[in-house]
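Participant: Fold the following, please.
(2 chains)
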Amino acid sequence: MWIYIVRRTLQGVLVLCLVSLTIFSLVRSLPGDAIIMQLDQAAALSKEDLARARQELGLDRPFWQQYGIWIRGVLHGDLGHSLTSRKPVSAELGKRVTLTLHLAILALCVALLIAIPVGIISAVWQDTVMDYTGRLCAIIGLSFPDFWLATVIITFMAIWWRWMPPMGFEPIWVDPVKCLEQLFIPALIIGARLSAVLMRMTRSALLEVLREDYVRTARAKGLRERVIILKHALKNACIPVVTLIGQQFSVLLGGAVIVEVIFLLPGVGSLTLDAVMLRDYTMVQGAVMFFATVMVGINLLVDVSYAWFDPRIRYR
Amino acid sequence: MQSEKLQSQTATPQQPRQRTRPRWRVLIRRKPLGAISAVILCGLIATAVLAPVIAPYDPYRFNLNERGLPIRLQPPDAKFLFGTDTHGRDVLSRIIYGARVSLIVGFLSVAIGTLAGTLIGLVSGYWEGSIDQALQRLVDTLMAFPGIVLALAVLSVFGQSLPNVILVIGLVIAPGASRVVRGTVLSVKHNIYVDAARAAGASSWRIILRHILPNVFAPILIIASVWLGNAIVIEAALSFLGLGTPPPTPTWGGMLSGEGRRSLETAPYLAIFPGLAISIVVLAFNMFGDAVRDLLDPRLRTH
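Facilitator: The predicted structure is shown next:
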């Protein structure tokens, strides 16, 4: 099992290297002076400032050297300076990471709390009214774009209850009430969409598992249906669901970007969009690198968790 | 050129079944929801094509009242069924024209994405070895970016335009599609008829196109139909964030953003109609995709 984990970790590291190379070459595919021009637009800079910026960005060096310098900085936690605010990118990211992770985890919890029970009900009472209702809700839920849902909710809450999302973010360990007040609805919007996908997978995975021989054996033993489903079937049905969580995490983070923008939440998502709009390329690099790292980390976690769900992997 | 080749190859194995029983009849009988959604989608295509005929107003025109002032934020009434926006443009006409962008982006990006994914998947699955490893790490890399974030980053560098939006969404679709195709190729290529073709001296590309590709056709169709809805949502989200097709071209996502969004409290109908248009179309695509999957996925058919 350890060999498996080590191999997967190395693969993850390799992917992160490729990711960094991709982001770097994407931004460098601009003509070098586009970045300098960006600096010029942001503020009236003196000649020395420009020369310093050019040197700092290393735009006069060959590509590989530039990349080497950048990646060495990244490994030391230095992502360069924002082209617009001139503040360090890592400090700016650090301030906003907490909120985005709060939002992502909360949304995942919401999604699981809806998806697993509804999926079980739908599978156990297959082809009943409950099953059809669950599936219909899921497919409708999948069809509402999150940005529209968020826009409509925020508009009508403002019209009907004069409710506005509170400003300024507090982590859950500082002020849980304020944190939830601020993040619950955004998390619900992101989570609802994810729950639709996960519910469908829970249902079909459970249906498949319930046809297995060992479930029949458990029934023949006279075990109660509740024990069979929750203890024997669900754990095996979880494998495809967990895989899907890994794949769908990108949807979750994408949803976070959109919801942060609409609810004016100071997270990495809104930071990314601002950076894109201002053509602040170092900030874009840093933010995209953050998202990719989270994705690689989550998928690593998913793969390692297979070992817990599926003992066959443990002994391979 | 490659696509024509692919299509002509895939048509061959489909013909016998079509002769025995037309596919649309199967669809109606076994998947009524899928059939309904197919009708909705045909309606959508007709709307997009016939937009100039159907739309009551010019979607770009600032409609003026008798005093020569723009009719701004007029709530829905008999004259403007869905009301007017902040510039006095007719919302219904803009929604009708907006169908064009959504459909063009949806179909083209899915075509590009699945085609690229299929090529990568075929090569990767057939030859395995170091080509496979290299391609799969590339796919891993692309999959490490959340779709929207990848799109934002690419559009920030290459600028926003309709072709760029289409290419970027294709780029988001391709890696996942290639995985599915690769998986199918890996399971198919050890069949005896593949060995037989090889023994008969067929070239690798001939084996891939004639003997493996037809097996990949069903999964590709499933991915494509599932992704159509997603592609439309991504396009709308990008337009909403201000990075899609640049204004004044009417897009459903764009209608929900910018000035429209700021005046939502006084004119909530501005948010309702474009959003409903997206939802209905995506719902139709999703139901259609589900029906296609149920009909084509032999594993599910046996249950």
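Participant: Low-confidence regions, the chain specifically.
Facilitator: In the absence of a named chain, chain A is used. A:30-47, A:49-50, A:52-60, A:165-168, A:311-316 (pLDDT under 70).
Participant: that's the wrong chain, I meant chain B
Facilitator: B:1-24, B:26-27, B:63-66, B:68-73, B:78, B:80, B:258-260, B:297-303.
Participant: change it to 50
Facilitator: For chain B, the stretches flagged by pLDDT under 50 are B:1-18, B:300-303.
Participant: What about it, which residue is the most distant from its middle?
Facilitator: B:Arg67 (44.2 Å; C-alpha atoms, centre = their mean).
Participant: Can you name the element that comes right after the top helix by length along chain B?
Facilitator: Taking DSSP state H as the criterion, chain B has its longest helix at helix B:91-127. Sequence-wise, the next helix or strand downstream of helix B:91-127 (DSSP states H and E) is helix B:129-143.
Participant: now for that next one, which elements pack on it?
Facilitator: Counting contacts by 3 or more C-beta pairs under 8 Å, 6 or more residues apart in numbering or on different chains; DSSP states H and E, helix B:129-143 packs against helix A:2-28, helix B:91-127, helix B:162-188. Heads up, the C-betas are built off the backbone N, CA and C, glycines and all.
Participant: any chance of the ones you listed in CSV, with mean neighbour count and distance to B:Ala55 too?
Facilitator: Compiled in CSV, the helices and strands packed on helix B:129-143 are given as follows (neighbours: other C-beta atoms under 10 Å in any protein chain shown; distance: least, C-beta to C-beta, whole Å):
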stretch, mean neighbour count, distance to B:Ala55
helix A:2-28, 16, 39
helix B:91-127, 22, 4
helix B:162-188, 22, 20
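Participant: can you put the ones you listed in CSV and add distance to B:Arg198?
Facilitator: Output for those, formatted as CSV (distance: least, C-beta to C-beta, whole Å):
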stretch, distance to B:Arg198
helix A:2-28, 32
helix B:91-127, 11
helix B:162-188, 13
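Participant: Tell me the spacing between the residue farthest from the centre of chain B and B:Asp58.
Facilitator: Remark: distance between B:Arg67 and B:Asp58 (C-beta to C-beta, to the nearest Å) = 20 Å.
Participant: Same question for B:Gly113.
Facilitator: Remark: distance between B:Gly113 and B:Asp58 (C-beta to C-beta) = 34 Å.
Participant: Show me what from the stretch 101-250 of chain B comes close to chain A.
Facilitator: B:137-138, B:140-141, B:143-150, B:152-157, B:229, B:233, B:236-237, B:240-243 (C-beta under 8 Å from any C-beta of the partner chain).
Participant: Out of those, name the ones that lie in helices.
Facilitator: In this view, those that belong to helices under DSSP H are B:137-138, B:140-141, B:143, B:147-150, B:152-157, B:229, B:233, B:236-237, B:240.
Participant: now the residues you listed: which count as buried?
Facilitator: Buried members of those, counted by 16 or more other C-beta atoms under 10 Å in any protein chain shown: B:138, B:140-141, B:143, B:147-150, B:152-157, B:229, B:233, B:236-237, B:240.
Participant: which residues pair with the nearest residue to B:Tyr57 once chain neighbours are set aside across the strands?
Facilitator: Leaving aside its sequence neighbours, B:Tyr57 sits nearest to B:Asp90 (C-beta to C-beta, 6 or more residues apart in numbering or on different chains; 3.8 Å). Using DSSP bridges, the beta-bridge partners of B:Asp90 come out as B:Thr84.
Participant: Help me confirm that B:Asp90 comes into contact with B:Thr84.
Facilitator: Yes - with contact defined as C-beta atoms under 8 Å, B:Asp90 counts as touching B:Thr84 (5.9 Å).
Participant: Same drill for those two, tell me which one is more crowded.
Facilitator: Remark: of B:Asp90 and B:Thr84, B:Thr84 carries more neighbours, 28 against 25, as counted by other C-beta atoms under 10 Å in any protein chain shown.
Participant: does B:Pro247 sit in a helix, a strand or a coil?
Facilitator: Secondary structure assignment for B:Pro247 (DSSP: H, G, I helix; E, B strand; the rest coil): coil.
Participant: For it, grab the count of nearby residues.
Facilitator: B:Pro247: 14 surrounding residues under other C-beta under 10 Å.
Participant: Quick one: residues contacting the nearest residue to A:Phe291 once chain neighbours are set aside.
Facilitator: Closest residue in space to A:Phe291, ignoring its immediate chain neighbours: B:Val149 at 4.8 Å, by C-beta to C-beta, 6+ apart. Going by C-beta atoms under 8 Å, 6 or more residues apart in numbering or on different chains, B:Val149 touches A:253-254, A:257, A:272, A:287-288, A:291.
Participant: check which helix or strand covers residue 48.
Facilitator: I'll assume chain A. helix A:47-57.
Participant: wrong chain, I was asking about chain B
Facilitator: Assigned by DSSP H and E, B:Ala48 falls in helix B:32-49.
Participant: Please identify the buried residues of that helix?
Facilitator: So, applying 16+ other C-beta under 10 Å, buried residues of helix B:32-49: B:34-35, B:37-38, B:40-41, B:44, B:47-48.
Participant: pretty sure A:Val152 is in contact with B:Gly275, am I right?
Facilitator: Yes - the criterion here is C-beta under 8 Å, and A:Val152 meets it with B:Gly275 at 6.5 Å.
Participant: Name the residue in those two with the higher neighbour count.
Facilitator: B:Gly275 (22 against 18).
Participant: which residues touch the more buried one?
Facilitator: Contacts of B:Gly275 (C-beta under 8 Å, 6+ apart): A:144-145, A:148, A:151-152, B:252, B:256.
Participant: Which two among these are spaced furthest apart?
Facilitator: For the contacts of B:Gly275, the farthest-apart pair by C-beta to C-beta is A:Val152 and B:Trp252; their separation is 13.9 Å.
Participant: quick one: A:Phe263 and A:Ala150 touch, right?
Facilitator: Yes - using C-beta under 8 Å, A:Phe263 is in contact with A:Ala150, at 6.8 Å.
Participant: who touches both of these two?
Facilitator: Common neighbours of A:Phe263 and A:Ala150 are listed as A:Pro186 (criterion: C-beta under 8 Å, 6+ apart).
Participant: sorry, back to before: among the helices and strands packed on helix B:129-143, which is nearest A:Trp125?
Facilitator: When those are compared by C-beta to C-beta, helix B:162-188 sits nearest A:Trp125, at 30.9 Å.
Participant: Just the buried residues of the helix or strand following the closest one, please?
Facilitator: Going down the chain from helix B:162-188, the next helix or strand is helix B:192-199, by DSSP H and E. Neighbour-count burial for helix B:192-199 flags B:194, B:197 (criterion: 16+ other C-beta under 10 Å).
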